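Student: Generate a structure from the sequence data that follows.
(one chain, ligands or ions: 1)
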Amino acid sequence: MNSARQLTAEGIVFRRGRRRVLDGATLAFSGGEIVSLLGSNGAGKTTLLRIMLGLVAPDEGSVKLDGVPIAHLRRRELARRIAYVPQGHHAPFPYLVREVVALGRFPTQGFFGRTVSADATAVEAILANLRIAHLADRTYTHLSGGERQLVMIARALAQDASLLVMDEPLSGLDYGHQIELLRSLRDLAAQGFGILMTTHHPDQALMVSTRIATLIDGRIDSDGAPRDVITPETIQRLYGVTLAPDEIHAQGLLASVSPNGK
Ligand SMILES: Nc1ncnc2c1ncn2[C@@H]1O[C@H](COP(=O)(O)OP(=O)(O)OP(=O)(O)O)[C@@H](O)[C@H]1O
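Tutor: Numbers count the residues shown, from 1 in each chain. Predicted coordinates:
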């Protein structure tokens, strides 16, 4: 694993026409952390992730990797340090799963490349780490959406990057696979990986995150300990819905409600 420790976005402004999609957003994450970014549809979560990955240039603000502006880093250098799991990936060719994951090894190869067997060993280890070794010889395009999601995470890990940026990694997964993936993310954070992910599920963010940030009106509205951030008030601010007490309970959010019954 490469040793990048912290990715920081500061004062990010991103305009589209006359609209400020992002209006001074500041967000950071480090190795060992799982930071969940919550926001309503169209709030600008994907845009902020893509800016933090250097895929889109902000109109204002800066993104730094361990204090170095990412604009100063080569794309390959960046790919060795930060891996991206985008939303819904469609492979154009029917590669085997082990081949798709091996594609992630590309940024780690030196001028003469590394041996094929070293890469094969690394791929096997990553598949085992994510408990999907049984998919290795399946055709990627024949997998379910959830299985593909896990393969995309494996490909990101194959980059050897220590910071992982994931856009709605839980979407399309059934409940069992969601829980398994959340556990895998926790294992990865315990191994020192830093994870920034977007999600539309405050309950899942609460289950796995070390920190939760909310994006409202182009800014980070709150950023802190999960149980401090996920409150009925935050849900109201984020999504414009007021949860009834039994709904709060059903969502597993009860622990975040203060004793005075707020
Ligand atoms: N390249 C672009 N051109 C025009 N508008 C854009 C562009 N990129 C993003 N936007 C707009 O910026 C806003 C934020 O989009 P973004 O995909 O970042 O939101 P999101 O929070 O990830 O949404 P969702 O939860 O629905 O995936 C949207 O209104 C979108 O239409």
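Student: Buried ones in stretch 66-74, by neighbour count?
Tutor: 70, 73 (16 or more other CB atoms under 10 Å). C-beta: built from backbone N, CA, C; applies to glycine.
Student: Can you measure across it, start residue to end residue?
Tutor: End-to-end distance for stretch 66-74: 15 Å, by CA to CA, to the nearest Å.
Student: what mean pLDDT would you report for that stretch?
Tutor: The average pLDDT within stretch 66-74 is 92.
Student: what does stretch 130-141 give?
Tutor: The model assigns stretch 130-141 a mean pLDDT of 92.
Student: Repeat that for stretch 218-228.
Tutor: 96.
Student: Centre of the chain to that stretch, how far?
Tutor: Its chain's C-alpha centre lies 16 Å from the corresponding centre of stretch 218-228 when counted by CA atoms, centre = their mean, to the nearest Å.
Student: What of stretch 41-56?
Tutor: 11 Å.
Student: That one and the ligand, are they touching?
Tutor: Yes: Stretch 41-56 reaches the ligand (CB under 6 Å from any ligand atom) through 41-47.
Student: Could you do stretch 230-244 as well?
Tutor: No: contact of stretch 230-244 with the ligand is not found when judged by CB under 6 Å from any ligand atom; the minimum separation is 11.1 Å.
Student: just stretch 58-68 next, same as before
Tutor: No: Stretch 58-68 stays clear of the ligand (CB under 6 Å from any ligand atom), getting no nearer than 12.1 Å.
Student: What does the closest residue to residue 57 other than its chain neighbours show for phi and psi?
Tutor: Of all residues not flanking residue 57 in the chain, residue 51 sits nearest, at 7.4 Å (CB to CB, 6 or more residues apart in numbering). Note on residue 51: its backbone torsions stand at phi -70, psi -40 [degrees, to the nearest 10].
Student: Check what contacts the helix or strand where residue 220 lies and list those residues.
Tutor: Using DSSP states H and E, the element containing residue 220 is strand 219-224. The set of residues external to strand 219-224 that reach it, using CB atoms under 8 Å, 6 or more residues apart in numbering, is 22-27, 211-215, 228-229, 234, 237.
Student: at 10 Å what do you get?
Tutor: 9, 11-13, 20, 22-28, 35, 37-39, 43-44, 48, 211-216, 228-231, 233-234, 237-238 (CB atoms under 10 Å, 6 or more residues apart in numbering).
Student: Now, of these, which are buried?
Tutor: The buried subset of these (16+ other CB under 10 Å) comprises 9, 12-13, 20, 22-23, 25, 27-28, 35, 37-39, 43-44, 48, 211-216, 229-231, 234, 238.
Student: That'll do, ta.
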